[in-house]
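S.K.: Prediction below, plus the sequence it came from.
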Number of protein chains: 2
Amino acid sequence: MTEASASPPSSREKILDVAEALFARRGYAGVGLREVAEEAGLGKSSLFHHFRSKAEIYLAVLARVLERVNERVAPILASGGSHLERLDRVLDSLIDSLAEHPTTARLLLRSLFEDDDLPDTDDVKRAAEEIDRSLAAILDRMLRLLRDGIEAGSFRPASARHTLQTLIGATVYHFASGELGEALFGRPVFSAETVRRRKEEIKNLVHSGLAAAPVAAPAGGRP
Amino acid sequence: MTEASASPPSSREKILDVAEALFARRGYAGVGLREVAEEAGLGKSSLFHHFRSKAEIYLAVLARVLERVNERVAPILASGGSHLERLDRVLDSLIDSLAEHPTTARLLLRSLFEDDDLPDTDDVKRAAEEIDRSLAAILDRMLRLLRDGIEAGSFRPASARHTLQTLIGATVYHFASGELGEALFGRPVFSAETVRRRKEEIKNLVHSGLAAAPVAAPAGGRP
DNA sequence: GTCTATAGCTAGATAGAC
DNA sequence: GTCTATCTAGCTATAGAC
């Protein structure tokens, strides 16, 4: 769980890598262990030496993904600066984290949908709750930033919860949009240029909204 | 396809209703036709009298969902009023349409992910392209509204594409967030109160952003 | 238009040799 | 720790009686 190893990937890690890619592409039910084993260069039965069940593999993948995101975002949430500065940096780091591993956004979104697929054993329920807690911790810290900012008057009075939902949608959905996003931008949403622009656009929207500055202002003219 | 019938549901409609609920909950690969047949009150083989394959059922469900959304949103996109007014009304109608059928948001999001699951026959590819066109038509009209508004100076200079992605995320993701959304708001995201508030919050964010109005700033200072 | 029966396959998981 | 062999159960889809 805690090793930041640089050693050659263990079978366990190899399995998780392969499973992560497949689960992101086709979801829990859409992936067969035969395929996982093949791409990992193992026999199907060998998977069961490292994990007790398919569900355990899936949950291990999810836990790893969440930890990756948390590693990036948590230090920023705990850092200093004004509320708006911190929010900007959180958005940047979240976007970086979603852009770096193209599987992340899809897995996170899918995890919201796919609870029903998992078997109802105690092991699985415990692991799933662990993941829920991990996700809730991240979201709680983001909520607190929003609430604090609103209370301090740095942010407009707004529902912190709704704002959080909007920010999740603006980041996670965007990087999960795959072919649709690619069709829209004419290049993958993970391309450096699109990622850079995404950060800019989200921050602009968060800062100023979409409506043009109220006219009387002489400074805010059109390009 | 075109009948707005009030007659008792045909077997075909019954199948689509049941399949829509199941596909939304567990995705294409996660649903078996046995379960669809059972809940529709039919034998499994009877499904194949109405549809040629599982994929055809799935695509018929998707097409129906898209048509439902389009029915609501298209007239508004074609209506008059300022760009900002039209955008507000489009968001309202999109949210109404997502709130009315709790399956819609999940099916739409899933449809972005689940291309890979479908078999590669010509029939399926044609039906899938038809759905892509239908979705692209809606998005194109929204893109045009954004572009026109930007060009006319009604909206702040921004990337129409990125803004569209943000709006999709803010609406579709929100109503697909299920248990997470419910945990966040303390009630289902489909509850009347949450829906009403969602419209308000999104429109506020779109109008003004999140940052507090620059205090006593002598008009026009760049945020 | 619905049914029973079944074909042909793949799934997740286990047993036990090496 | 990996393998082959196998189990049971599920799947999509078809054939053909009623």
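M.R.: Good, I have the coordinates. Residues are numbered from 1 along each chain as shown, chains lettered A, B, ... in the order given.
S.K.: Which residues of chain A lie near DNA strand D?
M.R.: When proximity is defined by C-beta under 7 Å from any atom of the strand, chain A lies next to DNA strand D at A:11, A:37, A:41-46, A:49-50. Heads up, the C-betas are built off the backbone N, CA and C, glycines and all.
S.K.: for the longest helix along chain A, which positions count as buried?
M.R.: As assigned by DSSP state H, the longest helix anywhere in chain A is helix A:122-151. Under the neighbour-count criterion of 16 or more other C-beta atoms under 10 Å in any protein chain shown, helix A:122-151 has A:124, A:127-128, A:131-132, A:134-135, A:138-139, A:141-143, A:145-147, A:149-150 buried.
S.K.: quick one: is that helix near DNA strand C?
M.R.: No. Under the criterion of C-beta under 7 Å from any atom of the strand, DNA strand C is not reached by helix A:122-151; the shortest gap measures 9.0 Å.
S.K.: And that helix, how far out from the chain middle?
M.R.: The chain centre lies 13 Å from the centre of helix A:122-151; the measure is C-alpha atoms, centre = their mean, to the nearest Å.
S.K.: ok and the helix or strand that that helix is followed by relative to helix B:160-168, angle-wise?
M.R.: Using DSSP states H and E, the helix or strand that follows helix A:122-151 in sequence is helix A:160-168. Comparing the axes of helix A:160-168 and helix B:160-168 via axes from the mean of the first three to the mean of the last three C-alpha atoms, to 10 degrees yields an angle of 140 degrees.
S.K.: I'd like to know which elements helix A:160-168 is packed against.
M.R.: Helices and strands touching helix A:160-168, by 3 or more C-beta pairs under 8 Å, 6 or more residues apart in numbering or on different chains; DSSP states H and E, are helix A:122-151, helix B:178-185, helix B:192-208.
S.K.: pLDDT wise, what is the closest residue to A:T166 other than its chain neighbours at?
M.R.: Leaving aside its sequence neighbours, A:T166 sits nearest to B:A170 (C-beta to C-beta, 6 or more residues apart in numbering or on different chains; 4.5 Å). Note on B:A170: pLDDT of 98.
S.K.: Please apply the same query to A:Y28.
M.R.: Each residue has a pLDDT score; the one for A:Y28 is 97.
S.K.: mind checking how far A:N204 is from chain B?
M.R.: With distances taken as C-beta to the nearest C-beta, to the nearest Å, A:N204 is found 6 Å from chain B.
S.K.: burial count for the nearest residue to that residue once chain neighbours are set aside?
M.R.: Ranked by C-beta to C-beta, 6+ apart and with sequence neighbours excluded, the top spatial neighbour of A:N204 is B:A158, at 6.4 Å. Close neighbours of B:A158, defined as other C-beta atoms under 10 Å in any protein chain shown, add up to 20.
S.K.: Is the residue nearest to A:T166 in a helix, a strand, or coil?
M.R.: Here B:A170 is recorded as helix under DSSP: H, G, I helix; E, B strand; the rest coil.
S.K.: Could you confirm A:A29 falls within a helix?
M.R.: Yes. When three-state DSSP is applied, A:A29 is found to be in a helix.
S.K.: residues touching it, list them.
M.R.: A:A29 makes contact with A:114, A:117, B:26-27, B:29-30, according to C-beta atoms under 8 Å, 6 or more residues apart in numbering or on different chains.
S.K.: which one of the residues you listed sits closest to DNA strand C?
M.R.: B:A29 (9.5 Å; C-beta to the nearest atom of the strand).
S.K.: For that closest one, which non-adjacent residue is spatially closest?
M.R.: Going by C-beta to C-beta, 6+ apart, B:A29 has A:G30 as its nearest residue, at 3.7 Å.
S.K.: For that neighbour, the count of nearby residues, please.
M.R.: 20.
S.K.: ok, so what distance separates A:L146 from B:A21?
M.R.: Noted for A:L146: a distance of 34 Å to B:A21, by C-beta to C-beta, to the nearest Å.
S.K.: Flag the shaky bits of chain A, pLDDT-wise.
M.R.: A:1-6, A:214-223 (pLDDT under 70).
S.K.: could you measure the residue of it found nearest DNA strand C against B:A74, distance?
M.R.: Nearest residue of chain A to DNA strand C, counting by C-beta to the nearest atom of the strand: A:G32, 2.6 Å away. Plainly put, A:G32 is 41 Å away from B:A74 if you go by C-beta to C-beta.
S.K.: Please apply the same query to A:D116.
M.R.: For A:D116, the distance to B:A74 - C-beta to C-beta - is 33 Å.
S.K.: Between these two, tell me which one has more neighbours.
M.R.: B:A74 (16 against 13).
S.K.: how big is the angle separating the longest helix of chain A from helix B:178-185?
M.R.: Here helix A:122-151 runs at an angle of 40 degrees relative to helix B:178-185 (the same axes, to 10 degrees).
S.K.: now check helix A:122-151, is it near chain B?
M.R.: Yes. For helix A:122-151, a contact with chain B is found by C-beta under 8 Å from any C-beta of the partner chain, at A:135-136, A:139.
S.K.: Where does A:I76 sit: helix, strand or coil?
M.R.: Going by three-state DSSP: A:I76 is helix.
S.K.: residue in chain A nearest to chain B?
M.R.: In chain A, the residue found nearest to chain B is A:G169; the distance is 2.8 Å by C-beta to the nearest C-beta.
S.K.: how about the residues of chain A near DNA strand C?
M.R.: Counting by C-beta under 7 Å from any atom of the strand, chain A sits next to DNA strand C at A:31-35, A:44-45, A:48, A:52-55, A:119.
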